[in-house]
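Chemist: Turn this into a model:
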Amino acid sequence: MWTLKHDLQYAARLLIKAPAFTIVAVATLALGIGANTAIFSVVNAALLNPLPYPDADRLVVVSTMVQRDTLERRAFSLPDYRDLRDRSQAFDGIAAWSADTLTLSASDAPARPIQAEIASAAYFDILGATPVAGRVFTTTEDEERDAHALAVVSHAFWQREMGSRSSALGATMTLNDRPFTIIGVLRPGFRGLDDDTDVWIPMGMLGLSEGPRVFDQRGSRGRDVIGRLKRGVSPEQANADVAAVFHQLEQAYPDSNARYTGAVFGLKAETVGSLRPLLLTMLAAVGFVLLIACVNLANLMLARASTRQRETAIRAALGADRRRLARQFVVEGTLLSVIGAAAGLLLAVWLVDGIVALAPAGLPSYVIPRLDWRVIGFLVAATGATGLLLGLLPAWQGSRADLNEVLKDSARGTSGGAARARTRSALVIAEVALALVLLVGAGLMVRSFLNLQRIDVGFRASQAVTLRVSIPQKFAADQLPRVSAELLSRVAAVPGVRHASIGTDAPFSGGSSATIVVPEGVDPTAPGAGIRIYRHSVTRDFFATLGAGLVSGRDFDTRDVASAQSVAIVSRRFAAKAWPGADPMGKRFTIGRVRGSQPDWIEVVGVAPDVRYRSLTVDAARNPEDPDIYFPLGQRPSRALSVLASTSGLPSALIPALRESVQAFDRDIPTAAESTFSDLIAVRTASFRLSAGVMSFLASSRSCWRRSAFMA
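Modeler: Next up is the predicted model:
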């Protein structure tokens, strides 16, 4: 211990005597170790820590799968969910749920949207969502249709909206113009599977937002299903069990369940699995950075060791063995790495905040990077490995030198032999090779990001904005076309608006609804006869607002009302798939499969460009998305709508005026999801932007370190 203390004191004096070298070395190690620690803390929080639910390793997501051109993943219908729940033998519990946006109304405040989940009773038990006050739904309350208007609220909602008052239990809140009785408050920190949920209502109240058809129609697939596997049941066994149930359903209900099966997926993979490639790529990148930094500093320390050959030789001549000399160099490298790690820890705290701020959408709220035992262990391991790498090479070179040759060389004023020169050259080659790998990786990341920026989304996004509105229940269904028309006229009259439109959804904002259509003249019973499409109801000027003119035909107008001939504007991709090589104008199709009764034929009056609604990363040539079809909002009205507007000025400045125009029309119409289309697209590219930015920063920093090290 005395000699170790002496070595530490001597190493400290050497570092103090060379301040330029010490500052550069500490800064380099701080950035390398700090970046590694920051990225690892995010990886640890997202990928290594368990989900914040009991028995998280047994939680799975169950999905339906349908065989079309490829095996496609689908949500559940309520009848299929009930059959799986009753027939499956692989689960301790299984629950259905779906996310929704409900309108919270109050007499003393404007209506506003809140995030809700419509869930079956088993949902709370499976996820360990225990109430701190009151209770959750019972199975009876969950099963009876439209009979139990009950609500369970999150702890955050209870604090924010109700002041943590115990009198909130038993009170009522108005959701979608329907009074709901609050029966429970969930434990703090539980935010639901949708991650920002305020309120939960029973599955029996699903008709409040979707209508009564969802309870019985097997084709109405919009529910997510989660389950907890029985102990000892593997995912493979669960998959076989679910597939067996779906085989029974296919035999019993061939019209709705033909070619459908089921599969289970781990909840952890479903929650953060999409982040795994990004996080592991970034961890590998910062690992390369630390390795480059270590090689760079090892070369510098080897050069410094060359100037100390006479000292080393004299100590060896006085009786110091190789082990004693090697330990001195290792202590120096370890002390340097410890100082760098201490500075890197401070840097890591700052870097973590920046990474979380730039994190892509989809990072769950419970992914909170912190210094737990794994991160501390990683920091200690990185520091120790760095210290050994910095100390062992100079120690190996210094302890194996020939004393006579060293003393002769030092007497002649030389500072190293051929072996030392070869070692330093090898280190330079290794550093350049590692840096080249990092630069190539950064270049590929930047190229991917730039390619995403150049993707043709089918419309001009730079000048358009959107916001979501929900028409309250006080307006009857037959009043919806009039309300939508009045709302559109008010939005179009806002100063600065060039074009305005209303639709059931907007590109990259979610909410698209899929269905099957059959072109006229096609045998509906033939395999693959139906074409899966996404449907949208829109008003006139929808494409003009997006800056995407029609390819051919006409736009919707005042003729397209409920009593008139059903019409549609189809995307170019659908036209090519339904009527290859033919003019689609005047062609007809029907929604669903025709069986016996006279179908409602829908006539094509226009062809629209292929607008990307859902993904930027899908290869349109190799794996095209399902096509889109547009219907007049006057013929297919909806309460959930997206308002779109374009302007020649600053798009974000238009949003407050649009919100005010909606509220001026009716204060009970809430607005939500207010955004420019540029921001919506930026969210979709956030992970690529983050990885490209981090990789570019690290790659460019490498050259700066090299110059700084040379100067030192």
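Chemist: give me the element residue 663 is part of.
Modeler: Per DSSP states H and E: residue 663 is located in helix 651-665.
Chemist: Pull the contacting residues for the spatially closest residue to residue 146 that is not a sequence neighbour.
Modeler: In this structure, residue 146 finds its nearest non-sequential neighbour in residue 207, 5.5 Å apart by CB to CB, 6 or more residues apart in numbering. In short, each C-beta sits where N, CA and C put it, glycine included. If a contact means CB atoms under 8 Å, 6 or more residues apart in numbering, then residue 207 has 145, 146, 214, 215 as its contacts.
Chemist: ranking these by neighbours, who comes first?
Modeler: Using other CB atoms under 10 Å as the neighbour test, these are led by residue 214, with 21 neighbours.
Chemist: Now that residue: closest residue in space, sequence neighbours ignored.
Modeler: Excluding the flanking residues, the one nearest residue 214 by CB to CB, 6+ apart is residue 220, at 4.8 Å.
Chemist: again with residue 260
Modeler: Leaving out its chain neighbours, the residue that sits closest to residue 260 by CB to CB, 6+ apart is residue 66, at 5.1 Å.
Chemist: which SSE is the one you found in?
Modeler: Counting by DSSP H and E, residue 66 is part of strand 59-67.
Chemist: Repeat that for residue 331.
Modeler: Element membership of residue 331, judged by DSSP H and E, is helix 322-358.
Chemist: Mind giving me the packing neighbours of that helix?
Modeler: helix 2-17, helix 19-43, helix 276-306, helix 309-317, helix 373-399, helix 686-711 (3 or more CB pairs under 8 Å, 6 or more residues apart in numbering; DSSP states H and E).
Chemist: at 7 Å what do you get?
Modeler: Applying 3 or more CB pairs under 7 Å, 6 or more residues apart in numbering; DSSP states H and E, we find helix 322-358 packed against helix 2-17, helix 19-43, helix 309-317, helix 373-399.
Chemist: Which residue ranges make up the domains of the protein?
Modeler: Domain assignment for the chain, taken from automatic domain parsing, gives 2-51+274-416, 69-258, 464-681.
Chemist: hang on, the earlier thing: mean pLDDT for the helices and strands packed on helix 322-358: which is lowest?
Modeler: Of all the helices and strands packed on helix 322-358, the minimum mean pLDDT falls on helix 309-317 (a mean of 62).
Chemist: Out of the helices and strands packed on helix 322-358, which is the most enclosed?
Modeler: helix 19-43 (a mean of 23; mean count of other CB atoms under 10 Å).
Chemist: distance between the helix holding residue 331 and the chain's centre?
Modeler: Centroid separation for helix 322-358 versus its chain: 32 Å, with CA atoms, centre = their mean, to the nearest Å.
Chemist: Next: stretch 295-303.
Modeler: Distance, stretch centre to chain centre, for stretch 295-303: 41 Å (CA atoms, centre = their mean).
Chemist: Can you show me the CA trace of it as CSV?
Modeler: Extracted C-alpha coordinates of stretch 295-303, given in CSV (Å, rounded to 0.1, in the frame of the first residue of the first chain):
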residue,chain,number,x,y,z
VAL,A,295,-5.7,4.3,-28.9
ASN,A,296,-5.0,8.0,-29.4
LEU,A,297,-4.0,8.5,-25.8
ALA,A,298,-2.1,5.3,-25.6
ASN,A,299,0.0,6.6,-28.5
LEU,A,300,0.6,9.9,-26.6
MET,A,301,1.5,8.0,-23.4
LEU,A,302,3.9,5.8,-25.4
ALA,A,303,5.5,9.0,-26.8
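Chemist: lowest-pLDDT helix or strand in the protein?
Modeler: Least confident helix or strand of the chain, by mean pLDDT, DSSP states H and E, is helix 403-411 with a mean of 54.
Chemist: Whatever helix or strand comes next after it vs helix 373-399, what angle?
Modeler: Next helix or strand after helix 403-411 toward the C-terminus (DSSP H and E): helix 418-454. Inter-element angle recorded for helix 418-454 and helix 373-399: 150 degrees (by axes from the mean of the first three to the mean of the last three CA atoms, to 10 degrees).
Chemist: Give me the angle between the very next helix or strand once past helix 418-454 and helix 651-665.
Modeler: Sequence order places strand 464-470 as the next helix or strand after helix 418-454, per DSSP H and E. Angle, strand 464-470 to helix 651-665, by the same axes, to 10 degrees: 30 degrees.
Chemist: what residues does strand 464-470 touch?
Modeler: Here strand 464-470 makes contact (CB atoms under 7 Å, 6 or more residues apart in numbering) with 101, 103, 113, 506, 509, 545-547, 639-646, 651, 654-655, 658-659, 662, 669-677.
Chemist: Which of those residues are buried? Put it as a PyMOL command.
Modeler: Buried subset of the contacts of strand 464-470, written as a PyMOL selection, criterion 16 or more other CB atoms under 10 Å:
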select buried, resi 101+103+113+506+509+545+546+547+639+641+642+643+644+645+646+651+654+655+658+659+662+669+670+671+673+674+675+676+677
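Chemist: Helices - which of the contacts of strand 464-470 land there?
Modeler: Applying DSSP state H to the contacts of strand 464-470, the entries found in helices are 545, 546, 651, 654, 655, 658, 659, 662, 677.
Chemist: My guess is the second one contacts residue 459. True?
Modeler: Yes: applying CB atoms under 7 Å, one finds residue 546 in contact with residue 459, separated by 3.7 Å.
Chemist: quick one on the thing from earlier: need the domains of the chain in JSON lines (columns: distance to residue 442).
Modeler: Listed next are the domains of the chain as JSON lines, based on distance: least, CB to CB, whole Å:
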{"stretch": "domain 2-51+274-416", "distance to residue 442": "8"}
{"stretch": "domain 69-258", "distance to residue 442": "32"}
{"stretch": "domain 464-681", "distance to residue 442": "20"}
